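1. sequence and predicted structure, then a few things I'm wondering about:
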Amino acid sequence: MTDTPETKPFEPTIIGFTCNWCSYRAADMAGISRMKYAPNIRLIRLMCSGRLDPTFVFKAFADGADGVLTSGCHPGDCHYVNQNYKTMRRYYLMRRVLAQMGIEPERLKLLWASASEGQIFADEVNKFVEEVRALGPLNWNADLRAQNADGNGSSILLDQLSTEEVST
Amino acid sequence: MSKPKFAMYWAASCGGCEIAVLNIHEKILDVDANFEVVFWPVAMDAKYKDVEEMEDDSILLTLFNGGIRNDENEHIAKLLRRKSKIMVAFGSCACEGCIPGLANFSAIEDVVDTAFSTISTDNPENLRPQPSYDMPEGTIHIPTLYPVLKTLDQVVDVDYYMPGCPPESHQIAAVIDLVIEVLQGKAELPPKGATIGAGNSTVCDECGRKRDVKTIKEFGRIQLIHADPELCLLEQGIPCNGPATRSGCNALCPSAGAQCIGCYGPAEGVLDYGARLVAAFGSVIDSDNPEEINRILDGLVDPAGQFYRFNLAGSLLRAAKPAWKPGEYIGR
C-alpha cells in the first residue's frame, strides 16, 4: 500500500468509519455537492459511531492503515441518544493505548459532522490526510504482511479473520 | 499393545504450567497408566535427538507451554509438531505470549540490558551472551533471541488451545479424562482449533459479585481502595479485566477480593483482548466532557499494560513499535 517511496510521494492509507445518520450523510453531502477532497480515505459506514469496536481500529493499523478516522453525530445529536459519548471515551482511551504501542496518537482522529456539514467533512479529511502524510508511513507488520501476500506459509491474521467474526 | 505416547515441553515460560500438571494429584497416575511419557524435560531425562529419531506423528499428545522467544524454541516447536498428532498450546504463554510477551513492549536491546546491566545485576565487564563463541575446542552456540516473542500458533499449526496462567488443575484433570475417554472410544475430540479446558463465556459470568451502579467517576488501584466485598470491582473503579476474559477459573481472583488480570485470555469471539477492554472500560466512565474523561483516564496508570498483560504477543498489533526490526521477523 505504501511501497515505492522513491518514485512516488507517500500517499497515506486512511480508514474512515462513519455513522449512518450524520457523518456518512456529511460525506454524501460532500459527494453530491461535487466537493473535491483527498482520495486517501476509505469510508466504512456503521450504524452508529458507538458501533465502532476498538478492534476495528487496531486491526486497521495492524493491516497497514496509516491513519484511522472515526466520525459520528455531534455530542447531544446521536441518533441512538448517547452512544457517541461512548465513542468519545473509547477514543481517548485508544489514543493512550496506541501511544504506548509506539503509534502516534495523532493517527487516530475523531470528527463530529452533522448531515449538513459536507464542507466540514471534506476539509477535515483533507487536513487529516496532510497530518498523516507528515507523520509518514506506519507500515505496521510490513514484513509479516509481505510474507503473507507472497503466500509463504498461511496468513496468521487472515486465518484468524476467516474463522473468527468480530463480534460485540 | 503399546501405550500412546505423551510429550510436554517448555519454551519461554516460568515452569508454572508443569507444576499445574503435577498439581492434579493422583490423576497423574492415570496419565502414567494410559500414556507412555516419551519427552518431558522437567520430569525426565531425554535428549532432543531422541525426539528427532522418533517417527513422524508417533506422539499422540504434546502439551507445549511457553512462547517462542528464540530459535531453539522454534526448532523444538516445529520438531514436536512434526512428531505429534495432537499439539496443544498449553497455558497462556503458548496461547498468547503471557508475561514473557510483555517484552514485546521494548526493543530487544533494552530487554537484554534489563537482564544484564541493571543495578541489581553483577556484571562488571558488561558481558552479553553471544549466539556463537570460538573456543579452543571449537565453536559453541546458544540460541539466538528473536526481537519479537511469538505465540505457538504464529510458528506452527496448533490443534487445541488450553489457556490459563497456569491452567487450573481441575481443568487439566478434565482434559486428561476427556483424552482417556477418547482413547477408549467413549468420547470424541472437539473440533480442531477449539479452546479446551475453559469456559466459553467471560469471568464476569462466573463472578458472584453484584453489579449495581454502572458508571464510575474515578479509576483507582486496588491497594489504595477499601473495596466493598460484595460489589463488582469495575463498578468500584478498580480496573478488572473480567469483561473480556474467558471463563474457566471460577472467577478465582474476584472472589478472593482481587481484580481479574486476564490470565485466561480473550473470551470466545474476542479477536483483540485489549480492544475489548477499551470498549468495556470506555463504557463505564461517567462523563461526557473530554477534560473530565481524560482526568478519569489518568487513573489508569498503564492502560496498555493493563489490557495486554497476558495477550500482547497474541494481539492484533503483536508488539510495540520499538520491538519490530525490519527484515528480522521470522514467521512460520
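-> Done, it's in.

2. for chain A, just list every one of the strands.
-> A:14-19, A:41-46, A:67-72, A:108-112 (DSSP state E).

3. looking at those, which is buried most?
-> Of all the strands of chain A, strand A:67-72 carries the top mean neighbour count, a mean of 28, counting by mean count of other Cβ atoms under 10 Å in any protein chain shown. Where C-beta positions appear, they are placed from N, C-alpha and C, glycine not excepted.

4. sheet-wise, list the partners of that one with their directions.
-> strand A:14-19 (parallel), strand A:108-112 (parallel) (DSSP bridges).

5. CA-only coordinates of that strand in PDB, if you can.
-> Listed next in PDB are the C-alpha coordinates belonging to strand A:67-72 (Å, rounded to 0.1, in the frame of the first residue of the first chain):
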ATOM      1  CA  GLY A  67      -4.400   6.600   9.900                       C
ATOM      2  CA  VAL A  68      -7.900   6.000  11.100                       C
ATOM      3  CA  LEU A  69     -10.800   8.500  11.200                       C
ATOM      4  CA  THR A  70     -13.700   7.800  13.400                       C
ATOM      5  CA  SER A  71     -16.700  10.100  13.000                       C
ATOM      6  CA  GLY A  72     -20.200  10.500  14.200                       C
END
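
6. and the angle for it with strand A:41-46?
-> Taking axes from the mean of the first three to the mean of the last three Cα atoms, to 10 degrees, one finds strand A:67-72 and strand A:41-46 inclined to each other by 40 degrees.

7. name the nearest residue to the closest residue to chain A within the stretch 1-150 of chain B, ignoring sequence neighbours.
-> For the stretch 1-150 of chain B, the residue closest to chain A is B:Phe105, as judged by Cβ to the nearest Cβ, at 7.3 Å. Leaving out its chain neighbours, the residue that sits closest to B:Phe105 by Cβ to Cβ, 6 or more residues apart in numbering or on different chains is B:Ala320, at 4.7 Å.

8. let me know the pLDDT of the one you found.
-> If you check B:Ala320, the pLDDT there is 93.

9. ok, A:Ala27 next?
-> Looking at A:Ala27, the pLDDT reads 97.

10. any idea how far B:Gly242 lies from chain A?
-> Separation of B:Gly242 from chain A (Cβ to the nearest Cβ, to the nearest Å) stands at 17 Å.

11. and the end-to-end length of stretch B:244-253?
-> Its start and end residues considered, stretch B:244-253 measures 15 Å (Cα to Cα, to the nearest Å).

12. and that stretch, how far out from the chain middle?
-> Centre-to-centre, stretch B:244-253 and its host chain are 14 Å apart (Cα atoms, centre = their mean, to the nearest Å).

13. now do the contacts for residue 48.
-> As the question left the chain open, I've gone with chain A. A:Cys19, A:Asn20, A:Trp21, A:Gly72, A:Cys78, A:His79, A:Tyr80, A:Gln83, A:Asn84 (Cβ atoms under 8 Å, 6 or more residues apart in numbering or on different chains).

14. try again with chain B
-> B:Tyr48 neighbours (Cβ under 8 Å, 6+ apart): B:Ile76, B:Leu79.

15. now with 10 Å, please.
-> B:Tyr48 sits next to B:Phe39, B:Pro41, B:Glu72, B:His75, B:Ile76, B:Leu79 when contact means Cβ atoms under 10 Å, 6 or more residues apart in numbering or on different chains.

16. format the strands of chain A as CSV; extra columns: mean pLDDT.
-> Below are the strands of chain A laid out as CSV (pLDDT from 0 to 100):
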stretch, mean pLDDT
strand A:14-19, 97
strand A:41-46, 96
strand A:67-72, 97
strand A:108-112, 97
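
17. so what's the residue count around B:His25?
-> Using other Cβ atoms under 10 Å in any protein chain shown, B:His25 has 9 other residues around it.

18. and the pLDDT for it?
-> pLDDT, B:His25: 90.

19. ok, for it, nearest residue in space, not its chain neighbours?
-> Distances taken as Cβ to Cβ, 6+ apart put B:Ser169 closest to B:His25, at 7.8 Å, once the chain neighbours are dropped.

20. which residue is the nearest non-sequential neighbour of B:Asp110?
-> Nearest one to B:Asp110, counting by Cβ to Cβ, 6+ apart, is B:Pro322 at 7.4 Å.

21. so where is the chain shaky, pLDDT-wise?
-> Defaulting to chain A. For chain A, the stretches with pLDDT under 70 are A:1-7, A:147-168.

22. correction: the question concerned chain B.
-> For chain B, the stretches with pLDDT under 70 are B:1, B:326-332.

23. mind checking the longest helix of it?
-> Counting by DSSP state H, the longest helix found in chain B is helix B:169-183.

24. same for that helix, what does it pack against?
-> helix B:16-22, helix B:27-34, strand B:59-65, strand B:84-90, strand B:160-162 (3 or more Cβ pairs under 10 Å, 6 or more residues apart in numbering or on different chains; DSSP states H and E).

25. so what touches the last one?
-> Residues outside strand B:160-162 that contact it (Cβ under 10 Å, 6+ apart) are B:17, B:61, B:63-65, B:86-92, B:94-96, B:151-153, B:171-172, B:175, B:189-198, B:246, B:248, B:265, B:314.
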